[in-house]
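> Sequence and predicted model, in that order:
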Number of protein chains: 2
Amino acid sequence: MGGDRRGSAAKEQAIARGLDRLREVLRARNLKMSSVREAIARAALAYEGHFRVDDLVRYLHASGVREAHMATVYRSLPLMIEAGLIQPALVPNGDGQVYEASFERERHDHLRCTGCGLVVEYKSETLEALQREIAARHGFELEEQVHELRGRCRKCRRAGASTPPPGSRRSRARTAERSPR
Amino acid sequence: MGGDRRGSAAKEQAIARGLDRLREVLRARNLKMSSVREAIARAALAYEGHFRVDDLVRYLHASGVREAHMATVYRSLPLMIEAGLIQPALVPNGDGQVYEASFERERHDHLRCTGCGLVVEYKSETLEALQREIAARHGFELEEQVHELRGRCRKCRRAGASTPPPGSRRSRARTAERSPR
DNA sequence: TCTGAAGATGCGAATCATTCGCATCTTAAA
DNA sequence: TTTAAGATGCGAATGATTCGCATCTTCAGA
């Protein structure tokens, strides 16, 4: 306990390293760092849990960053992904893409409940090894793996009620996610 | 050889079974079969390889089906999916969702080349078993698994040229797919 | 420190796939 | 047949993401 209250020091340093990484990518492409870009990257790195572009924009506004336009955030996404700061998280479900910070964090996959939208993370070395092997067997050099299991969580199964009829839009993913801090 | 020329008999019967399956789903929901719906289902069942909604519409037009409006095709997708006639194939890449016929076909996953868009199918019992186990371990009853590996195929790796810069849209997936017949 | 060219940003318009509303045909069960 | 419940075509509406463009900023020299 107490270890979860990693509020400032360590986290701030991780953010600093993330920003450095971003600068490298920018330099490599002859692009420039800017205050807005830095604010966006900071927000993404600090965000706990999954987020969408508009979540990030709201977060930026809330933290007093002058406008920080959506278009700008969109434009910075590919760069942040390339720098390894963030990555697309879940497989898009109709509503836009969901991201999550990935800098200095372990790779993992998701399990999503088709009933309530609950998202659970899991990690499997065996699975990853298997994936690499499959890719290799087909002559591919693995770069990225999209993996998401869907089913009904314990609670929803208890609650009975089978899978909702097709066409019903599931509400935004629900997770035990905290808000940005 | 010659075995690939499974033109009519067997295939036509499979289509008939698929339509029956669809009728069951419709009946269960108190929905009705219709000539348009049947034409759409036939097209989907007969389509070789991956297709998008507009591909299907074009195919329908080409086969002389009166208009067959896009909206109608969209409306029938959830039903066909529920009936197991088709399923979303690749993970959407910006351009719309890609489907493939799945009726009486083996489940499989895809490997996609980030260079040329080549799509290769593969199948792994081990992988599927592992997935079921993971789901079970978390109390989930597995319903669906999204799985796609991305990397560079042999040819693209030979051709050198590292991954294209971010922001470049990949053209429509390329496969050794034949057109509908 | 000053400058200029290359980039970055805000804003609103433009895209694009997908969905809706609704008036009008069809289907299927009495 | 009749007729209520559905299905369809069409075009408008959505919603996420992208573009165009007229300004700001950044940063590598001078």
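Looks like it arrived, so ask away.

> touching chain B at all, the helix or strand encompassing residue A:45?
Assigned by DSSP states H and E, residue A:45 belongs to helix A:35-46. No. Helix A:35-46 stays out of contact with chain B when judged by C-beta under 8 Å from any C-beta of the partner chain, the minimum separation being 14.2 Å. Backbone N, C-alpha and C define where each C-beta goes, glycine included.

> What's the first helix or strand after that helix?
Next in line after helix A:35-46, if elements are assigned by DSSP H and E, sits helix A:53-62.

> Quick check: which helices or strands does that next one pack against?
The contact analysis (3 or more C-beta pairs under 8 Å, 6 or more residues apart in numbering or on different chains; DSSP states H and E) places helix A:53-62 against helix A:35-46, helix A:70-82.

> The shortest one vs helix A:70-82, what angle?
What separates the directions of helix A:35-46 and helix A:70-82 is an angle of 60 degrees, with axes from the mean of the first three to the mean of the last three C-alpha atoms, to 10 degrees.

> So is stretch A:82-89 next to chain B?
Yes. With C-beta under 8 Å from any C-beta as the criterion, chain B is reached by stretch A:82-89 at residue A:82.

> which of the helices and strands packed on helix A:53-62 sits most buried?
Stretch with highest mean neighbour count among those: helix A:35-46 (a mean of 20; mean count of other C-beta atoms under 10 Å in any protein chain shown).

> what's the angle between the biggest strand by length in chain A and strand B:141-152?
For chain A, the strand that runs over the most residues, judged by DSSP state E, is strand A:141-152. Relative orientation of strand A:141-152 versus strand B:141-152 (the same axes, to 10 degrees): 170 degrees.

> Going by neighbour count, which residues in the very next helix or strand once past strand A:141-152 are buried?
Moving toward the C-terminus from strand A:141-152, the first helix or strand encountered (DSSP H and E) is helix A:154-158. Within helix A:154-158, the residues scored as buried using 16 or more other C-beta atoms under 10 Å in any protein chain shown are A:156, A:157.

> and helix A:154-158, anywhere near chain B?
Yes. Applying C-beta under 8 Å from any C-beta, one finds helix A:154-158 touching chain B at A:154, A:157.

> elements contacting the longest helix along chain A?
Longest helix of chain A, by residue count under DSSP state H: helix A:9-28. Helix A:9-28 is packed against helix A:35-46, helix A:70-82, with contacts defined by 3+ C-beta pairs under 8 Å, 6+ apart.

> what about 6 Å?
Packing partners of helix A:9-28 (3 or more C-beta pairs under 6 Å, 6 or more residues apart in numbering or on different chains; DSSP states H and E): helix A:35-46.

> can you give me how far the helix it packs on is from the chain middle?
Remark: helix A:35-46 is offset 14 Å from the chain centroid, using C-alpha atoms, centre = their mean, to the nearest Å.

> what's the angle from that helix to helix A:53-62?
Helix A:35-46 runs at 110 degrees relative to helix A:53-62, counting by the same axes, to 10 degrees.

> Now helix A:35-46 - C-alpha only, CSV.
This file holds the C-alpha atoms of helix A:35-46, laid out as CSV (Å, rounded to 0.1, in the frame of the first residue of the first chain):
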residue,chain,number,x,y,z
SER,A,35,4.1,23.6,-26.4
VAL,A,36,0.8,22.3,-27.6
ARG,A,37,2.4,19.1,-28.7
GLU,A,38,4.1,18.7,-25.4
ALA,A,39,0.8,19.3,-23.5
ILE,A,40,-0.9,16.7,-25.6
ALA,A,41,1.8,14.2,-25.0
ARG,A,42,1.8,14.9,-21.3
ALA,A,43,-1.9,14.4,-21.1
ALA,A,44,-1.7,11.1,-23.0
LEU,A,45,1.1,9.9,-20.8
ALA,A,46,-0.7,10.8,-17.6
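
> Any part of that helix near DNA strand D?
Yes. Using C-beta under 7 Å from any atom of the strand, helix A:35-46 reaches DNA strand D at residue A:35.
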